[in-house]
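Enquirer: Quick check, what structure comes out for this input:
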Amino acid sequence: MNIVIVGAGFTGIQLARRLINERNEVTIIDNDEEVVRHASNSLDCSVIFADGNSLETLEDAGIAKADALVCVSASDEVNMITCSLVDAVYPDILKIARVRNFAYYMNTEKVHKKHAETFSGKHRPLYGIDFMIHPDVEAAQAIVQAVESGAVSDTVTFENSDYELTRVNIEKNSKFAGQTLQAIRGMTKTPFLVAYVESMGTPRLPSGQTVIEAGDCIGVLTKKGEITKFLELAGTEIETLDKIALVGAGKIGSLIAERLIRNSKKKFILSRLFGKSAKVNSNFAIVDLDKDLAKEAAEKFPSAKVYCGDITDENFLYEENLTTYDLVICATHNHELNMVGAAYLESLGVGHTVALVENAPFAEIARKLGVDVPVPLRDSVVDSIMSHLRGKTVTGVHTISSGSLEILELALPLDSKLIGKTLMQIADPGTFLVMLIKKAGTDVYEIPTGATTIDANDQMIVIVDADKSKKILASFGVK
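Expert: Numbering: from 1, shown residues only. Okay, here's the model as predicted:
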């Protein structure tokens, strides 16, 4: 693919780096000379020092031959105007814009929803933007997903699937320690698949002969609600999540509270991991240091306890009994506070913590400090953009293990050369692993075996070595 990126900040560089690793042609534009110098030294691609919202600049960058335009500059207005400008001249190019202003995002969503029939036809999307990405929305969704899965570790869920992938630590007392993956299959009757093994910080795709050692982390694919059995075998202590506190009443915190309370009203099993219903009512607390935000939260969420206080103040924590909570979600816009605050609360006796952090490297630091589930904001945004750049047959992209592995949700093209072959015939150990298949004509994903045959219109979920994902997709026939 040929992609033009406007904005060479952290997100722009991370996105460009992943696209370059997949052998895509990338051009990145920014009007900050120092930022451009840094990008030029960091990336093996064309970097242009100019205004990205200039059609002349974009045409010099090759926009006429580009497959996609991604606008991630610091200005929402520049991102939106640039997409609109390009759409007026080159309507066939895919256009993606990151927008931080929630009003812009919500107004666009409302218009598309209200006039769905209009936009489902040949009518161009609003502002010419095919996909609008809002960081807070992506972050809130990732955090809610972690809470719904029990908040014991990183969890990836898949749309229209009963399965989820959970990162499980192998403790010293684990029955898995010292065993091969083939041997642990006999330790439980629950269907499962180990998708990856991480030893000493290095992830790899395993085989049946891979040995699991204490201190390793493994990615276990199971049906939702069945991971408990594996956590027990891995040596993890199981606890319920009856009392939940949310630190941060800003936009992200408000989105999280809204979704958790809405799910509770629908009798959603919040603590699905433990098979126990947890109502979000008087046991749900919201904390913020800002008086105005705390007041707004109290008015918006009358069923929750709302406190105006500082989570780094030990007296406040003990006075309001916040140290007795089963889960604390730190989701303020101060990512350092989230990371340190979550680790501090764990040390005072809180059962589990989820912390919104800046990016994947900070997520690794947060884990070492004791945070159960760090959610990297910027990586969530890059994942969302990548999923839209993969083409119509790729419906989802998830990065794990600091981006070294990718999980791809895809529909097998009708002209794929793999049709009619078994998974054993196409296997490439250490490069990719087919985790789930939804056979054509069915509505259920299942864990396949080596004898499973690939048919036209099958839906697949595949974990791959990130550096080889483009090559693997090509072998599957995905353009």
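
Enquirer: quick one, phi psi at residue 164?
Expert: Main-chain dihedrals, residue 164, degrees, to the nearest 10: phi -150, psi 150.

Enquirer: and whichever strand or helix holds residue 20, what other elements does it pack with?
Expert: Here residue 20 sits within helix 10-21, counting by DSSP states H and E. Helix 10-21 sits against strand 2-6, strand 25-30, helix 33-42, helix 377-389, with contacts defined as 3 or more Cβ pairs under 8 Å, 6 or more residues apart in numbering; DSSP states H and E. C-betas here are computed from N, CA, C, even on glycine.

Enquirer: Only the buried residues of that helix, if you could.
Expert: 11, 12, 13, 14, 15, 16, 17, 18, 19, 20 (16 or more other Cβ atoms under 10 Å).

Enquirer: what is the rounded mean pLDDT of that helix?
Expert: Helix 10-21 shows a mean pLDDT of 91.

Enquirer: what's next to that helix, contact-wise?
Expert: Helix 10-21 is contacted from outside by 1, 3, 5-6, 8, 26, 28, 30, 38-39, 42-45, 70, 72-73, 98, 359, 378-379, 381-382, 385-386, 389, 403, 466-467, using Cβ atoms under 8 Å, 6 or more residues apart in numbering.

Enquirer: and these, which are buried?
Expert: Taking 16+ other Cβ under 10 Å as the criterion, what is buried in the contacts of helix 10-21 is 1, 3, 5-6, 8, 26, 28, 30, 38-39, 43, 45, 70, 72-73, 98, 359, 378-379, 381-382, 385-386, 389, 403, 466-467.

Enquirer: Show me the shaky parts of the chain.
Expert: 111-123, 148-153, 237-241, 262-282, 391-392 (pLDDT under 70).

Enquirer: Any figure for the gap between the one residue sitting closest to the centre of it and residue 345?
Expert: Nearest to the mean C-alpha position of the chain, counting by Cα atoms, centre = their mean, stands residue 380 at 4.6 Å. The gap separating residue 380 from residue 345 is 23 Å, by Cβ to Cβ, to the nearest Å.

Enquirer: before we move on, what about residue 211?
Expert: Distance from residue 211 to residue 345, counting by Cβ to Cβ: 36 Å.

Enquirer: ok, now residue 204?
Expert: Distance from residue 204 to residue 345, by Cβ to Cβ: 33 Å.

Enquirer: Who are the contact partners of the residue nearest to the centre of the chain?
Expert: Residue 380 is in contact with 135, 138, 139, 141, 142, counting by Cβ under 8 Å, 6+ apart.

Enquirer: One more: residue 204?
Expert: When contacts are counted by Cβ under 8 Å, 6+ apart, residue 204 touches 196, 197, 198, 210, 430.

Enquirer: at 7 Å instead, please
Expert: 196, 197, 430 (Cβ atoms under 7 Å, 6 or more residues apart in numbering).

Enquirer: burial count for residue 34?
Expert: Other residues lying near residue 34 total 8 when counted by other Cβ atoms under 10 Å.

Enquirer: Domain parsing of the protein, as residue ranges.
Expert: By the assignment in automatic domain parsing, the chain contains the domains 2-133, 137-152+239-380, 163-233, 390-475.

Enquirer: Most tightly packed of those?
Expert: domain 137-152+239-380 (a mean of 20; mean count of other Cβ atoms under 10 Å).

Enquirer: Relative to residue 131, how far out is residue 65?
Expert: As judged by Cβ to Cβ, residue 65 and residue 131 stand 21 Å apart.
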